[in-house]
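Peer 1: One predicted model, sequence on top.
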Amino acid sequence: MTNAPLLVLSRKTRDSFHSIKEMDKVMRLSSEKGVVIFSKSSCCLSYAVQVLFQDLGVSPKIHEIDKDPECREMEKALMRLGCSKPVPAVFIGGKLVGSTKEVMSMHLSSSLVPLVKPYIC
Amino acid sequence: MMSSFSPTQLASLRDMGIYEPFQQLVSWGNVYKSDINDHSPNTASSSVIQVDARVDDHNNIIKVKRRLAQNREAARKSRLRKKAYVQQLEESRLKLSQLEQELEKAKQQGLRVSNSIPSGSITNTRIATFEMEHSHWLEEQSRRVSELRIALQAHISDIELRMLVESCLNHYANLFRMKSDAAKADVFYLISGMWRTCTERFFQWIGGFRPSELLNVVMPYLQPLTDQQVLEVRNLQQSSQQAEDALSQGIEKLQQSLVENIVVDAFSMHYPPQMAAALENLQALEGFVNQADHLRQQTLQQMAKILTTRQSARGLLALGEYLHRLRALSSLWAARPREPT
């Protein structure tokens, strides 16, 4: 008779496993399209960033994380990736570019357009 | 002295000839009718009066003495009234000069409506701090602009000029830091532009100047520019306009969202006003003001990168002078001669 040991995980460990799952989800979603913006339906700065990309001729993929059942975990994942605020989080070519400030700075220094050029429709 | 008597009592005393405050010494003939020394109530009606020359003189002296005493009393009261009047005049003059000072300050900074500031004392303190710091900032700004003007005329070395340019840019950075603190305390105060003059408010966009407009102001003073520089400045202007447009649309969405949150559906009770969501909308405003200021700062930094040191110095001088003149225009406007209505 073999007794399989009962693996008891602490809450912290369980949470880390959880967030790994969400991290994967975020990484997967961020590569779905050339320009991906994680936002919330109530966040108007996210909307402003979206407008800017549209003005440049890009149609970004918008993920409203407040409509996602795992919203909180996704927020944590985005913060862990280096965002000071969870939304808006802008990914170009699957790589995190930053939030509103970073996007604006890049645009003023003319480094945003070259980055999104391949994705202009 | 007579204040303890009631008016009726005074009247009877007067009838009795005992108390006559403003008696006119018309003629010696009247004396017998109202003789203060004569306490007999029947004297006024008595027709036969014994005239004694010595008593007559004595009475006259007493009348004169009484008259002099009354004059002294009247003079004393007059001096007291005059003193009170002069004191009132002095106080009014002081108040007037204080009001004039306040008005002058208000004209320079634009009229501030005090009941728009929330009553929280911490908020008031932070905003008062901001106003004081901003006032110092303006003074310091004048000094730096003068330094730039002198430096450009004096043909100082590029290194020294670079240091001046950097310090000017740092000074603007200080303004944005101050505004960020004020926005935390009261974003509506900042957005209303109460801390600015009326002409500045006329051009206001999200709590300050439009970066693209400032570029327009400064452009003529940067010539001659290389072709590469012209291209880069044009790109900067376009990028700035696009960024401004994005933020403007973001704010419009915020306003729309706010309205939707507080409008009550009159016909059904299913959508009560979402006050919590509306408050979140208002909280988001601070983010927009910060982004707008970030845009202003980035525009200045980018210009400094595109331009040579000397061009940057000229640009900053032109900008500083323009802003100064805009503010001065507010004062002229406020003091303009008006036709009496």
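Peer 2: Received it, and whenever you're ready, just let me know what you need.

Peer 1: pLDDT averaged over stretch B:317-328 - what is it?
Peer 2: Averaged over stretch B:317-328, pLDDT sits at 96.

Peer 1: before we move on, what about stretch B:182-197?
Peer 2: 95.

Peer 1: Same check on stretch B:233-252?
Peer 2: Averaged over stretch B:233-252, pLDDT sits at 97.

Peer 1: and what of stretch B:276-295?
Peer 2: 94.

Peer 1: Contacts made by that stretch with the rest, please.
Peer 2: A:42-45, A:48, A:100-101, A:104-105, A:108, B:176, B:179-180, B:183-184, B:187-188, B:190-191, B:205-208, B:211, B:240, B:243-244, B:247, B:250-251, B:254, B:257-258, B:261-262 (C-beta atoms under 8 Å, 6 or more residues apart in numbering or on different chains). C-beta: built from backbone N, CA, C; applies to glycine.

Peer 1: which among those residues end up buried?
Peer 2: Among the contacts of stretch B:276-295, those classed as buried by 16 or more other C-beta atoms under 10 Å in any protein chain shown are A:42-45, A:48, A:100-101, A:104-105, A:108, B:176, B:179, B:183, B:187, B:190-191, B:205-208, B:211, B:240, B:243-244, B:247, B:250-251, B:254, B:257-258, B:261.

Peer 1: Please enumerate the helices of chain A.
Peer 2: Using DSSP state H, the helices of chain A run over A:11-30, A:44-55, A:71-80, A:100-108, A:112-116.

Peer 1: which parts of the third one are buried?
Peer 2: If I follow you right, that is helix A:71-80. For helix A:71-80, by 16+ other C-beta under 10 Å, it's A:73-78.

Peer 1: And for stretch B:67-82?
Peer 2: Applying 16+ other C-beta under 10 Å to stretch B:67-82 flags no residue as buried.

Peer 1: Could you do stretch B:124-131 as well?
Peer 2: Quick answer for stretch B:124-131 (16+ other C-beta under 10 Å): B:126-127, B:130-131.

Peer 1: Keep only those of those residues that are in helices.
Peer 2: Judged by DSSP H, helices contain the following of the buried residues of stretch B:124-131: B:126-127, B:130-131.

Peer 1: Show the contacting residues for residue B:275.
Peer 2: Contacts of residue B:275 by C-beta under 8 Å, 6+ apart are B:261-262.

Peer 1: My error: substitute residue B:329 in the last question.
Peer 2: Counting by C-beta under 8 Å, 6+ apart, residue B:329 has contacts B:197, B:199.

Peer 1: pretty sure it is in a helix, no?
Peer 2: Yes - checked against DSSP: H, G, I helix; E, B strand; the rest coil, residue B:329 lies within a helix.

Peer 1: which among the ones in helices among the buried residues of stretch B:124-131 gets closest to chain A?
Peer 2: Closest approach to chain A among these (C-beta to the nearest C-beta): residue B:130, at 22.4 Å.

Peer 1: Next one: that closest one from residue B:181, what distance?
Peer 2: According to C-beta to C-beta, to the nearest Å, residue B:130 stands 7 Å off from residue B:181.

Peer 1: swap in residue B:281?
Peer 2: Going from residue B:281 to residue B:181 by C-beta to C-beta gives 22 Å.

Peer 1: Comparing these two, which residue is more hemmed in?
Peer 2: residue B:281 (21 against 12; other C-beta atoms under 10 Å in any protein chain shown).

Peer 1: Can you check the pLDDT for residue 15?
Peer 2: Using chain A. For residue A:15, the pLDDT comes out at 61.

Peer 1: actually chain B
Peer 2: pLDDT, residue B:15: 55.

Peer 1: Quick check: the residue of chain A nearest chain B.
Peer 2: The minimum distance from chain A to chain B, using C-beta to the nearest C-beta, falls at residue A:48 (3.0 Å).

Peer 1: pLDDT below threshold where in chain A?
Peer 2: By pLDDT under 70, the low-scoring segments of chain A are A:1-5, A:9, A:11-19.

Peer 1: How about the residues of it by chain B?
Peer 2: A:42-45, A:47-49, A:51-52, A:55-56, A:100-101, A:104-105, A:107-110, A:112 (C-beta under 8 Å from any C-beta of the partner chain).

Peer 1: at 10 Å instead, please
Peer 2: A:41-56, A:85, A:99-101, A:103-110, A:112-113 (C-beta under 10 Å from any C-beta of the partner chain).

Peer 1: thought residue B:229 was touching residue B:308?
Peer 2: Yes - applying C-beta atoms under 10 Å as the test, residue B:229 and residue B:308 come out as touching, 8.7 Å apart.

Peer 1: Now for residue B:214: which residues touch it?
Peer 2: Taking C-beta atoms under 10 Å, 6 or more residues apart in numbering or on different chains as the criterion, residue B:214 is in contact with B:203, B:208, B:240, B:296, B:299-300, B:303, B:315, B:318-319, B:322-323.
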